[in-house]
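Student: Next comes the sequence, and after it the predicted model I'd like to discuss.
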Amino acid sequence: MSLIAKTEAANVELPRNCTFSESDWQILSSYWHPVAESAEITDSPVRVYLLDMPMVLFRTEEGVSAARDVCMHRGGQLSLGEVRDGKLVCGFHGFEYNGEGTCVGIPALAKGSPIPKKLRLRTYKCEERYGLIWVCMADEAKTDLPNWPSLEDGSGNVISSPSYVINASAGRRVENFNDIAHVPFLHKNSFGGPATDIAPYDVVVTEQTLSFKTDIVEQTRYVGGGSEGPAYQDAVYEYELTLPFASSVKVFNPGTGHIYRVYDIVSPISSGKSKVFQVVLDESRQMSAEAVRAFNKQVNSEDSPQVEAQCPHDLPLDLRDEVHIPADRMSVEYRRALARLGLGAAAYR
Ligand SMILES: [Fe+2]
């Protein structure tokens, strides 16, 4: 019995028990997704999942490598092994692989005997950027990583927030992050302002991004951490979403001049489970890392129960399947953009 199934169309290796339609899997596998925080990958191999595929991440002098978490010898789980002298060592029979996935050592093989050429791991393109490890499973990536120069040019303090798992599809979770109408309700105990009508806004659509800007009234209580000052303050939110699942929002408070950005990237573990990575850039350099992490934790815990419960689990890309109001302009454009990528096609055949 084969461990993986090969599609006829592109000879792409689908994971066993794949929870995506084959076409969705092929499309999503050609984009970059974060799979771990940089700080998690140190001197031991780590197992992660992307698009139902179990992967091993390991760090050598050349950087971080990603491979299917299966030893080519007897199907051992490589992440149960170790990293030694810059090589990934399978814990089962000690087979050694370099960062490119080539087997370079077999303890049981007589000295001087050639190592079989077939002993190569199925590696994936892997990049370390923005404090995260990104993987693209296809041989050719459809796009580059999201372009976030502010995170790298010293514009402010970069604060990483712990990643977390949500039992929701990536599409539902991304839409939630970019949905301003839910803020006064789900976030009434953190930053949500009074429930008022939302002024019409435009969404700027490019091939890879969707962006919009909105004025909002938000609670101030989390900024000062106390009860002093006004309960509410004006804010301007500028959203930019890089398809398919990487969002950012720039928050500007005109009253205080405070500017910060939240980067929120959703990585599809499976069709119904996602890992969320968050990085905050405090351009005004006035937020403590602890306060940011505590705030993110609270906001995420306010969102998760609803997002995990949304029915259906998948984001419906046929606009007739749910009902939209003008405030949902971004959601509508997001669904259209995902459909343009070819996603969801199997559901509407
Ligand atoms: Fe929310």
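Tutor: Everything's here; your move.
Student: Flag the shaky bits of the stretch 201-349 of the chain, pLDDT-wise.
Tutor: For the stretch 201-349 of the chain, the stretches with pLDDT under 70 are 221-230, 346-349.
Student: Now do the helices in it.
Tutor: Ranges of helices in the stretch 201-349 of the chain, per DSSP state H, counting those that start in this stretch, are 221-224, 289-309, 329-340.
Student: ok, S270 to Q278 distance?
Tutor: From S270 over to Q278 the distance is 20 Å, taken as Cβ to Cβ, to the nearest Å. (Glycine included, C-beta is placed from N, CA and C.)
Student: Those two: which is more packed in?
Tutor: Taking other Cβ atoms under 10 Å, S270 and Q278 do not tie; Q278 has more neighbours (23 against 19).
Student: Just to confirm, what's the three-state secondary structure of the nearest residue to that one once chain neighbours are set aside?
Tutor: Of all residues not flanking Q278 in the chain, S161 sits nearest, at 4.1 Å (Cβ to Cβ, 6 or more residues apart in numbering). What DSSP: H, G, I helix; E, B strand; the rest coil gives for S161 is strand.
Student: from what I can see S161 touches A294, true?
Tutor: No. S161 lies out of contact with A294 (Cβ atoms under 8 Å); the separation is 9.6 Å.
Student: Looking at the two, which has the bigger crowd around it?
Tutor: Each of S161 and A294 has its neighbours counted (other Cβ under 10 Å); S161 has more, 22 against 14.
Student: Contacts only, for the more buried one.
Tutor: Residues in contact with S161 (Cβ atoms under 8 Å, 6 or more residues apart in numbering) are Q278, V279, V280, V292, R293, N296, K297.
Student: and the residues you listed, which are buried?
Tutor: Buried subset of the contacts of S161 (neighbour count, 16 or more other Cβ atoms under 10 Å): Q278, V279, V280, V292, R293, N296.
Student: any idea how far the first one is from N300?
Tutor: Put plainly, it is Q278. Taking Cβ to Cβ, one finds Q278 at 8 Å from N300.
Student: Next: the second one.
Tutor: Between V279 and N300 the computed distance is 14 Å (Cβ to Cβ).
Student: on that earlier part again, list just the nearest of the buried ones among the contacts of S161 to K118.
Tutor: For the buried ones among the contacts of S161, the minimum distance to K118 (Cβ to Cβ) is 40.1 Å, reached by V279.
Student: so the closest one touches P162, yeah?
Tutor: No. V279 is not in contact with P162 according to Cβ under 8 Å; the separation is 11.0 Å.
Student: what about the strands in the stretch 51-200 of the chain?
Tutor: For the stretch 51-200 of the chain, applying DSSP state E, counting those that start in this stretch gives strands covering 53-60, 63-68, 82-84, 87-89, 96-97, 103-105, 123-129, 132-136, 157-166.
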